[in-house]
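Participant: with the sequence up front, the predicted model follows.
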Amino acid sequence: MTTYASFNRQNLAVLRSEMDAALNKFAANSGIEIKIGNMSFTSDNVAIKLEAKISGSKSMREQKLESALQLQSRIDQLTLEPINGKQLVGYNPRAHKMPYVYLELKTGKRFKTTRTAAKLYFTTPKSIARTLIAA
């Protein structure tokens, strides 16, 4: 155990590794995952961000992204199933020009795309038929 007279970058690196070891030991017994986030500090104070989640579950960011993708794909009548070696995997509501993210299954690379291109890539014949019937 290290004692600290003041905080600096070198001390915080040591503090992070010690906390990580202690939290991982606790997390293993509790069935949760704990991640140490950002640390902001002055010479005598440090603020540490911690994230904890149930082991194997999705983080809040992943859950929000997934629900936004599902909602937006319904609005634009897109499928989340793989089509022609591509699969829609993300939606970024703040990216106005290229909000959709897709995965090329053959290479494993992720690409951003526009709403128009996403409609071309990920519209199934069934959703096209629904659009024509509704019109």
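Facilitator: Yes, it's here. Numbers count the residues shown, from 1 in each chain.
Participant: residue boundaries of the helices in this protein?
Facilitator: Applying DSSP state H to the chain gives helices spanning 9-30, 60-75, 115-122, 125-134.
Participant: residues in contact with Lys97?
Facilitator: By CB atoms under 8 Å, 6 or more residues apart in numbering, the contact set of Lys97 is Thr114. Every C-beta, even on glycine, is put in place using the N, C-alpha and C of the backbone.
Participant: hang on, the earlier thing: quick one, which of the helices of the chain gets closest to Gly85.
Facilitator: helix 115-122 (10.2 Å; CB to CB).
Participant: what comes up buried for that closest one?
Facilitator: The neighbour-count check on helix 115-122 (16 or more other CB atoms under 10 Å) flags Arg115, Ala118, Lys119, Tyr121, Phe122 as buried.
Participant: hang on, the earlier thing: out of the helices of the chain, which is the most enclosed?
Facilitator: helix 115-122 (a mean of 16; mean count of other CB atoms under 10 Å).
Participant: elements contacting that helix?
Facilitator: Counting contacts by 3 or more CB pairs under 8 Å, 6 or more residues apart in numbering; DSSP states H and E, helix 115-122 is packed against strand 86-91, strand 100-104.
Participant: how about those in JSON lines, adding distance to Asp44 and mean neighbour count?
Facilitator: Formatted as JSON lines, the helices and strands packed on helix 115-122 follow (distance: least, CB to CB, whole Å; neighbours: other CB atoms under 10 Å):
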{"stretch": "strand 86-91", "distance to Asp44": "42", "mean neighbour count": "18"}
{"stretch": "strand 100-104", "distance to Asp44": "43", "mean neighbour count": "19"}
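Participant: got TSV for the helices of the chain, with mean pLDDT too?
Facilitator: Below are the helices of the chain laid out as TSV (pLDDT from 0 to 100):
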stretch	mean pLDDT
helix 9-30	91
helix 60-75	77
helix 115-122	86
helix 125-134	53
